[in-house]
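Chemist: Attaching a predicted model along with its sequence, questions to come.
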Amino acid sequence: MKDRLPSAAEALPGRSTTMVVPAGHAVLGNPLVPPWPAVMQEVILGLGCFWGAERLFWRLRGVWTTAVGYAGGLTPNPTYHEVCSGRTGHAEVVRVVFDPQQLSFGELMRVFLEAHDPTQGMRQGNDQGTQYRSMVLTTNSAQAEAAGCILRAYDAALQRAGYPQLTTSLGMATEFYYAEPEHQQYLHHNPSGYCGLRGTGVACPLPG
C-alpha cells in the first residue's frame, strides 16, 4: 500500500488525543504552536523525510519558527509509525512560519523546489512511500495562486532538462498534526543524523 494513498475504509482510525509539543523551537526559540505574530504567514511543505527538510527552512533568514508533522491524509493525530505504514494518507511535512517582509513566498518556494526532486511521485531517493511525496499546502489565496504559477514554471524547466512531469500536489492547508517531540528539530539534537535531501540541480525560475 505504500505506493498509493489509502481509501477512507483502509485508513487507520487514529485518536482524539493530540501530540505533546515542546514549548519552543530548539534553534529559533519561538513557539511551535500558534497564534503567531500578526505579520507572519504560514505554509506547509512536504519534500521527503522531514528531518533534513526542517533544518533547511529554519536556517533561512525571515523564518520565525518551524515544526514537523503530518498532513494531507485521513487519520487524526497519527503516530510516526502509523504514517510510515502507508495507512494514514499523510505526508511528512514542515510547517514554516515566516515574515514575508524578510522572505518572500516566491523565494521560499524556490528553496523548497530546488532542495528535492519533485518528479518522483511517492518517494524521495531511497525513501519510498506515500509519506515522502512532494506537497504544498497553502494558507491563503495569494499563496495558492503564486504557488500554482511557480509550480508550472518549474515543471517546464524540469522537462526541458529531461526530467519527467512534476508530481508536487498543491492544495489548501487543513489539519496539521504535530510529530512526536523527538522529531522536532531532530538534526539540531542529532547533528550527524540522516538527511535525505537531494535536488535536481535545475534552477527554479520565479515568474514576474
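Modeler: Nice, I can see it.

Chemist: Show me the strands in this protein, by range?
Modeler: Under the criterion DSSP state E, the chain contains strands at 41-47, 63-71, 91-98, 123-124, 127-128, 134-138, 169-172, 177-178.

Chemist: Which among these is found nearest to Pro6?
Modeler: Among those, strand 91-98 comes nearest to Pro6, with 12.8 Å by Cβ to Cβ. Heads up, the C-betas are built off the backbone N, CA and C, glycines and all.

Chemist: How about residues contacting the closest one?
Modeler: Contact with strand 91-98 is made by 30, 36, 40-50, 53-54, 57, 60, 62-73, 83, 108, 130-133, 135, 137, 176, 179, as judged by Cβ atoms under 8 Å, 6 or more residues apart in numbering.

Chemist: Kindly report the same for stretch 196-207.
Modeler: With Cβ under 8 Å, 6+ apart, stretch 196-207 has contacts from 47-49, 52-53, 56, 106-107, 109-110, 113-117, 119, 124-127, 149-150, 153-154, 157-158, 161, 163.

Chemist: Going through the contacts of strand 91-98, which ones are buried?
Modeler: Buried residues within those, counting neighbours by 16 or more other Cβ atoms under 10 Å: 36, 40-50, 53-54, 57, 63-73, 83, 108, 130-133, 135, 137, 176, 179.

Chemist: Show the end-to-end separation of stretch 111-128, please.
Modeler: Start-to-end span of stretch 111-128 (Cα to Cα, to the nearest Å) is 22 Å.

Chemist: okay, the strands of the chain in CSV with distance to Pro205 and mean pLDDT next?
Modeler: What follows is the strands of the chain, written out as CSV (distance: least, Cβ to Cβ, whole Å; pLDDT from 0 to 100):
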stretch, distance to Pro205, mean pLDDT
strand 41-47, 19, 98
strand 63-71, 23, 99
strand 91-98, 21, 98
strand 123-124, 22, 96
strand 127-128, 27, 96
strand 134-138, 17, 98
strand 169-172, 17, 98
strand 177-178, 33, 98
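
Chemist: Out of these, which gets nearest to Pro191?
Modeler: Per Cβ to Cβ, nearest to Pro191 of the strands of the chain: strand 63-71, 16.5 Å.

Chemist: number of nearby residues for Arg160?
Modeler: 9 (other Cβ atoms under 10 Å).
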